[in-house]
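Enquirer: Got a sequence here, can you build the structure:
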Amino acid sequence: MADRKRTPELGEIQETLLIPLYARAVETRKRHGMLSDPRAVEMVDSLDYDFSRFDGARSLLGSNVRTLLIDAWVAEFLGRHPDGTVVEIGTGLNTRFERLDNGRTHWFDLDLPDVIDLRRAFFEDTPRRRMLAGSVDAPEWTAAVRERPGPYFLAAEAVLIYLEEARVRAVFEMIARELPGAWLALETASGRMVGTQDSHDVLSKVAARMHWQCDDPAEILSWVPGLTLETSCTFAALPAAVRTRLPARYRAMLRAASVVKRKDIESYRFHLFRFPS
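Expert: The predicted model follows:
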């Protein structure tokens, strides 16, 4: 008898983790996709959830490009610091460790308890990889991270934009205090994007809503003395390491979107910050 599918019991914001999961599964099923993630296919097939609501959404493409971008940043970090520690903040059902593990890095997958409960159905802790249940703005997880060798790379993919700005600022201040010298990768959404999310091709299908709007990422630098913005980009200006991974048809789509939907493209940015040591 076939295994019974598991119903994901998740909060409103946590439900959004199913979007990038499905995006990776859809891309994997394509003949010439931008990425291959067989584990994502397995997880989608094992969950009792109406993923079809996201079918045809162009934002699935954007989700995968975002994944490749943060993959590239993490890979670059591990190239310089092979024994360093990576923390996936709001890990969901991500498989970044499977894609990038170098056999030496230490890794933490952090998310809220309901997500970690779901994640444990598919992943197990190992001596170098551990799941942590908790909120991004609770300092307990930083104590666990400090037990592993630095430096530290924190990847907050599609997480902080769902919080109020005061909580996001508190996260920055906590990282500066608890993990000095860490890198933090994240994205920001401008007021334009936050204000139009009810018509978004994916977000309109779920209950969660973005709250933190950031029109000028440079303003974040004032939150933490000595904080630096190492790099920043949009879908229209991706690093070469990411562009070369994209099939020609996707590069053409992004070029066209950067002209036709320039304001929309510019309203969503990706950043890599470095905290003072």
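Enquirer: distance of residue 106 from residue 126?
Expert: To residue 126, residue 106 is 10 Å away according to Cβ to Cβ, to the nearest Å. The C-beta positions use only the backbone N, C-alpha and C, and glycine is treated the same way.
Enquirer: Okay, strands next: where are they in the stretch 151-277 of the chain?
Expert: Using DSSP state E, counting those that start in this stretch, the strands assigned to the stretch 151-277 of the chain run over residues 152-156, 183-189, 228-233, 268-274.
Enquirer: now the ones you listed in JSON lines, with mean pLDDT and mean neighbour count?
Expert: What follows is these, written out as JSON lines (pLDDT from 0 to 100; neighbours: other Cβ atoms under 10 Å):
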{"stretch": "strand 152-156", "mean pLDDT": "98", "mean neighbour count": "24"}
{"stretch": "strand 183-189", "mean pLDDT": "98", "mean neighbour count": "23"}
{"stretch": "strand 228-233", "mean pLDDT": "97", "mean neighbour count": "13"}
{"stretch": "strand 268-274", "mean pLDDT": "98", "mean neighbour count": "20"}
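Enquirer: Let me have the ones you listed in JSON lines, extended by distance to residue 51.
Expert: JSON lines is the format used below for those (distance: least, Cβ to Cβ, whole Å):
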{"stretch": "strand 152-156", "distance to residue 51": "24"}
{"stretch": "strand 183-189", "distance to residue 51": "23"}
{"stretch": "strand 228-233", "distance to residue 51": "29"}
{"stretch": "strand 268-274", "distance to residue 51": "23"}
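Enquirer: hmm, who's touching stretch 138-151?
Expert: Residues from elsewhere that reach stretch 138-151, judged by Cβ atoms under 8 Å, 6 or more residues apart in numbering: 77, 81, 83-85, 87, 106, 108, 110, 130, 132, 134, 152, 174-175, 178-179, 181-183.
Enquirer: so how far is it from its chain's centroid?
Expert: Chain-centre distance of stretch 138-151: 19 Å, with Cα atoms, centre = their mean, to the nearest Å.
Enquirer: How about stretch 82-98?
Expert: For stretch 82-98, the distance to the chain centre is 10 Å (Cα atoms, centre = their mean).
Enquirer: right, and residue 188 touches residue 161 too?
Expert: Yes: counting by Cβ atoms under 8 Å, residue 188 does reach residue 161; the two are 6.9 Å apart.
Enquirer: Overlap of the contact sets of these two?
Expert: In contact with both residue 188 and residue 161: residue 212, using Cβ under 8 Å, 6+ apart.
Enquirer: Can you show me the helices along the chain?
Expert: 12-15, 18-29, 38-46, 59-80, 96-100, 113-119, 140-146, 165-178, 191-195, 240-243, 248-260, 262-266 (DSSP state H).
Enquirer: what distance separates the fifth one from the middle of the whole chain?
Expert: Offset of helix 96-100 from its chain centre (Cα atoms, centre = their mean): 13 Å.
Enquirer: tell me the mean pLDDT for that helix?
Expert: Averaging pLDDT along helix 96-100 yields 97.
Enquirer: neighbouring contacts of that helix?
Expert: Everything outside helix 96-100 that qualifies as a contact, by Cβ under 8 Å, 6+ apart, is 37, 39, 67, 70-71, 74-75, 78, 86, 88, 107, 109, 129, 155.
Enquirer: Spell out which two among those residues are the most distant pair, please.
Expert: Farthest pair in those (Cβ to Cβ) is 39 and 78. Separation: 19.8 Å.
Enquirer: Now that we have the contacts of stretch 138-151, which of them are buried?
Expert: Burial by neighbour count, 16 or more other Cβ atoms under 10 Å: within the contacts of stretch 138-151 this picks out 77, 81, 84-85, 87, 106, 108, 110, 130, 132, 134, 152, 174-175, 178-179, 182-183.
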